[in-house]
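J.: Sequence and predicted structure, then a few things I'm wondering about:
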Amino acid sequence: MTQCRLLLTLWLASLLLASPASANQQYNQGSEFAKGIKGQEQSAIGGFSPASALPSYTSAPPESGYYGGVTNASTDLTSQGNTALHQSEIGKTITESILNTPAGNKPSMDAPFISVGTDAQNKAESVTDGSFDGCIEQKVTHTEYTNHVCSRDTRVDQYCSRTASITGQWKERWVETNAFISTQVPKSGFKKSTYCASGCGGNHTETTGYIINFESTPPFNENITSATISMSGTPSQLSWKIHYNSKNQITVLTPSNGTPVDLWGATTVNTNDKINGATSGTNRRILDSYDLLSTGKATLTLTYHYKKMVSERYFEPYITWSETCPFHKAEGALTNTQCVDGASNKTIYVEGNPYTMYSDCWAYKDTYLTQSQSEGSCREHMNNPACTIANRQCAYTLDGFCLHENLTYSCEHKTTGAGVMCGGTFFCKDGSCAQSAAGKNNAFQKAVSQLAAVAAAGKDVAALNGADVRAFTGKAQFCKKFAAGFSNCCKDSGWGQDVGLASCSSEEKALGAARQRKLTIDIGEFCSKKVIGVCVEKKRSYCVFDSKLAQIVQQQGRQWQLGVGFGGASSPDCRGITIEQLQAIQFDNLDFSNFYEDLQNGSAVPEDNALLQRAQQQIKEQVNNHAGGAQ
């Protein structure tokens, strides 16, 4: 279409150049008409009715409210601007666009659609201050937006949690404790004897006295801390004289209620030692006590107190940490650690007893970068300030994480033409204005790309001789990613610069080269090797094609337009496109920009601007020829 337009321009120009007399005649007619209406300006202006001549004319436009009069030095439009921003459809659209634009993808101030606005703002005064006079050189600019598709790896952050808890174990230890052993004097250990208390050998009545003796031995060989004696079951107290090894006589009064009475302390006793005691008296209570002690109805108890080492069971608490990771940590890099349960005391109960411990942090959240965002095939658009992300979709996921995404960038392009503005009317000086007005830039490249794609498909179909006719057939290839470390044979850039690539096979390196040439389609990622339930090796799968045209038609046409997928990650389906599918693909909607580089390298295909310049040069040469060589 562009070529036809240019040929038509050349044909019209040749007709004009071939008939100079006809052009002079038309000029004379115009001149006579101008003379005829000379002097009619005032009458025309005096009888002019704007309402009848100008569509939608009004003598009180809304903008008149912004004018404060000649005495007002300036007009503040802040409130009107804020109202328009929050209430008008355009203002709401701008606000929504700003809020929904992802972080890191804010438009650059150098972007054309922003610079146009700032330029208009800077030149606003010259439009309104009345300084315009006559015809001025002016450029006409047209803005065109084109969409470009690409794909890249996404940034994947995964998280591990570390949680502390109080636990412990039971242990045994030896401790010194107070112990005692009590021994009763056996009933057979008591002896009774008599003696003459008074009137002995005289003429007076003799008084008989009674003696009760007992004998006992310590139950062990031990360093005792103290010893006591107690008696119970007798009707009255008895005063005993106690000898330890026939020495250390102690006189004690033993209550009948069994209350212990101290004997001695800090003494070493032995089973060979003898403890003897005796009590005597003339009253009947001595006989009654003897009867009770000798029959076992009353008791006399010796108690020995000492220190004893015993084994004690005790609970020893301590803090243990447990970690939960949904992935193999070796495949990522730790980027951040955050305490999510801060310093405090915590208590547990074991067999009803509380155990409290303190920790500076009881739980951590660790962030690991398991995949970095790559540029993929999006580098050109990511680095272009005139391009913004218009759409993004996840291409495939693994374990709930998006690993690869397809993006559509909207890029702004300007076409500019030269001309003059006279009295509110723009006059084009050359054919570039038509190019600008049409808003077509490099349309020739897109047309050639579409034709090349159709031709390539036809070549594939012809080679198949009608048997299972398919075009743009690819083949499946794989690359591996080791979980233990950063050896990644699926990198889309930096090949030969990463030490981890030394272990990659020649097929994987060839696949890397194909990815850099934009000949591949990412299919997915899967675990290819597990050890004890842990994935130690992953693989990515691709469909590899012979040309960029095949890749473009397969991905954008087959997958995105027709919804025909490429199978699973472990078994890609890289089959060709059928004739029916080719006919259903809308080639006008395909982005062939990745093919332009090959198109330019393969042949000298000019851009539309170059074609325009060539046409202008040809017109100039014809003018010179008709003018006798005058410049």
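T.: Alright, I've got the coordinates.

J.: Strands along the stretch 451-600 of the chain, start to end?
T.: Ranges of strands in the stretch 451-600 of the chain, per DSSP state E, counting those that start in this stretch, are 470-471, 475-482, 520-531, 534-544, 577-578.

J.: Neighbouring strands - and their directions - for the first one?
T.: For strand 470-471, the paired strands and their directions (DSSP bridges) are strand 577-578 (antiparallel).

J.: swap in the fourth one?
T.: Listed by DSSP bridges, the sheet partners of strand 534-544 and their directions read strand 475-482 (antiparallel), strand 520-531 (antiparallel).

J.: export these to CSV and tack on mean neighbour count, distance to residue 85 and mean pLDDT?
T.: C-betas here are computed from N, CA, C, even on glycine. Converted to CSV, these look like this (neighbours: other CB atoms under 10 Å; distance: least, CB to CB, whole Å; pLDDT from 0 to 100):
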stretch, mean neighbour count, distance to residue 85, mean pLDDT
strand 475-482, 18, 49, 87
strand 520-531, 19, 42, 90
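
J.: so which of those comes closest to residue 403?
T.: Proximity to residue 403 (CB to CB) singles out strand 520-531 among the strands paired with strand 534-544, at 5.5 Å.

J.: what's the closest one in contact with?
T.: Strand 520-531 is contacted by residues 151, 395-396, 398, 403-404, 474, 476-477, 480-481, 511, 514, 535-545, 551, 554-555, 559, 566-570, 572 when judged by CB atoms under 8 Å, 6 or more residues apart in numbering.

J.: With residue 478 as the reference, measure out to residue 526.
T.: Residue 526 sits 10 Å away from residue 478, going by CB to CB, to the nearest Å.

J.: Need the residues touching each of the two.
T.: In contact with both residue 526 and residue 478: 539, 541, using CB under 8 Å, 6+ apart.

J.: With respect to residue 366, which of the strands of the stretch 451-600 of the chain lies nearest?
T.: That would be, of the strands of the stretch 451-600 of the chain and by CB to CB, strand 534-544, which comes in at 17.7 Å.

J.: list the buried ones in the closest one?
T.: 535-544 (16 or more other CB atoms under 10 Å).

J.: could I get the residues you listed as a markdown table with distance to residue 253 and pLDDT?
T.: Converted to a markdown table, those look like this (distance: CB to CB, whole Å; pLDDT from 0 to 100):
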| residue | distance to residue 253 | pLDDT |
| --- | --- | --- |
| 535 | 88 | 81 |
| 536 | 88 | 80 |
| 537 | 93 | 83 |
| 538 | 94 | 87 |
| 539 | 99 | 91 |
| 540 | 101 | 92 |
| 541 | 104 | 94 |
| 542 | 107 | 95 |
| 543 | 111 | 95 |
| 544 | 113 | 95 |
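
J.: how about a markdown table for the strands paired with strand 534-544, with distance to residue 302 added?
T.: Output for the strands paired with strand 534-544, formatted as a markdown table (distance: least, CB to CB, whole Å):
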| stretch | distance to residue 302 |
| --- | --- |
| strand 475-482 | 82 |
| strand 520-531 | 74 |
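
J.: among the ones you listed, which is nearest residue 319?
T.: Using CB to CB as the measure, strand 520-531 is the one of the strands paired with strand 534-544 that comes nearest residue 319, at 30.9 Å.

J.: Where does the prediction get shaky in the stretch 51-200 of the chain?
T.: The stretch 51-200 of the chain contains residues with pLDDT under 70 at 65, 67-76, 96-117, 119-135.

J.: any chance you could map the helices in it?
T.: 78-87, 89-100, 112-122, 124-128 (DSSP state H, counting those that start in this stretch).

J.: other SSEs contacting the first one?
T.: If contacts are counted by 3 or more CB pairs under 8 Å, 6 or more residues apart in numbering; DSSP states H and E, helix 78-87 sits against helix 89-100.

J.: So the protein: which segments form each domain?
T.: Using automatic domain parsing, the domain parsing of the chain gives 180-199+206-310, 444-611.

J.: Put together CSV for the ones you listed, with distance to residue 379 on each row.
T.: Formatted as CSV, the domains of the chain follow (distance: least, CB to CB, whole Å):
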stretch, distance to residue 379
domain 180-199+206-310, 78
domain 444-611, 8
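
J.: Can you flag the weakest of the ones you listed by average pLDDT?
T.: The weakest mean pLDDT among these belongs to domain 444-611, with a mean of 79.

J.: partners of residue 178 in the sheet?
T.: residue 307.

J.: Looks like it contacts residue 307 (just checking).
T.: Yes: using CB atoms under 8 Å, residue 178 makes contact with residue 307 at a distance of 6.7 Å.

J.: Checking my notes, residue 404 in a strand, right?
T.: Yes: under DSSP: H, G, I helix; E, B strand; the rest coil, residue 404 falls within a strand.

J.: Do you know the pLDDT at residue 628?
T.: If you check residue 628, the pLDDT there is 52.

J.: Same check on residue 312?
T.: Reported pLDDT for residue 312: 92.

J.: measure it to residue 296 for me?
T.: 38 Å.

J.: rewinding a little: which neighbours do residue 178 and residue 307 share?
T.: What both residue 178 and residue 307 touch, as defined by CB under 8 Å, 6+ apart, is the set residue 225.

J.: Skip the chain neighbours and tell me the closest residue to residue 276.
T.: In this structure, residue 276 finds its nearest non-sequential neighbour in residue 243, 4.8 Å apart by CB to CB, 6 or more residues apart in numbering.

J.: Next, that neighbour: phi, psi?
T.: Backbone torsions of residue 243, given as degrees, to the nearest 10, read phi -120, psi 140.

J.: For residue 594, see how far away it is.
T.: For residue 243, the distance to residue 594 equals 119 Å [CB to CB].

J.: who touches stretch 539-547?
T.: Outside of stretch 539-547, the residues within contact range by CB under 8 Å, 6+ apart are 456, 472, 474-481, 490, 511, 514-515, 519-526, 528, 551, 554, 566, 569-570, 572, 574, 598.

J.: what do you get for stretch 243-255?
T.: 229-231, 237-242, 261-264, 267, 273-277, 300.

J.: now swap in stretch 566-586 and tell me
T.: So stretch 566-586 is contacted by 396, 457, 460-461, 469-476, 521, 523-526, 528, 539-544, 553-554, 557-559, 561-562, 564-565 (CB under 8 Å, 6+ apart).

J.: and it, C-alpha only, in CSV?
T.: Output of stretch 566-586 as CSV, limited to C-alpha atoms (Å, rounded to 0.1, in the frame of the first residue of the first chain):
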residue,chain,number,x,y,z
PHE,A,566,2.8,-27.6,23.8
GLY,A,567,2.1,-30.5,26.2
GLY,A,568,3.7,-31.1,29.6
ALA,A,569,7.1,-30.1,30.9
SER,A,570,8.4,-33.7,30.9
SER,A,571,7.0,-34.5,27.4
PRO,A,572,6.8,-31.4,25.2
ASP,A,573,4.6,-31.5,22.1
CYS,A,574,6.5,-29.6,19.4
ARG,A,575,4.5,-30.8,16.4
GLY,A,576,3.9,-28.6,13.4
ILE,A,577,0.8,-26.5,12.6
THR,A,578,-1.9,-28.0,10.5
ILE,A,579,-3.3,-26.3,7.4
GLU,A,580,-6.6,-25.6,9.2
GLN,A,581,-4.8,-24.0,12.1
LEU,A,582,-2.7,-21.8,9.7
GLN,A,583,-5.9,-20.6,8.1
ALA,A,584,-7.3,-19.7,11.5
ILE,A,585,-4.3,-17.6,12.6
GLN,A,586,-4.7,-13.8,12.2
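
J.: who's in contact with the closest residue to residue 358 other than its chain neighbours?
T.: Closest residue to residue 358 apart from its sequence neighbours, by CB to CB, 6+ apart: residue 345 at 5.1 Å. Counting by CB under 8 Å, 6+ apart, residue 345 makes contact with 356-358.

J.: which element follows the helix or strand containing residue 345 toward the C-terminus?
T.: Residue 345 is part of strand 344-350 when elements are defined by DSSP states H and E. Using DSSP H and E, the helix or strand that directly follows strand 344-350 along the chain is strand 353-359.

J.: For that following strand, name the packing helices and strands.
T.: strand 156-184, strand 299-324, strand 344-350.
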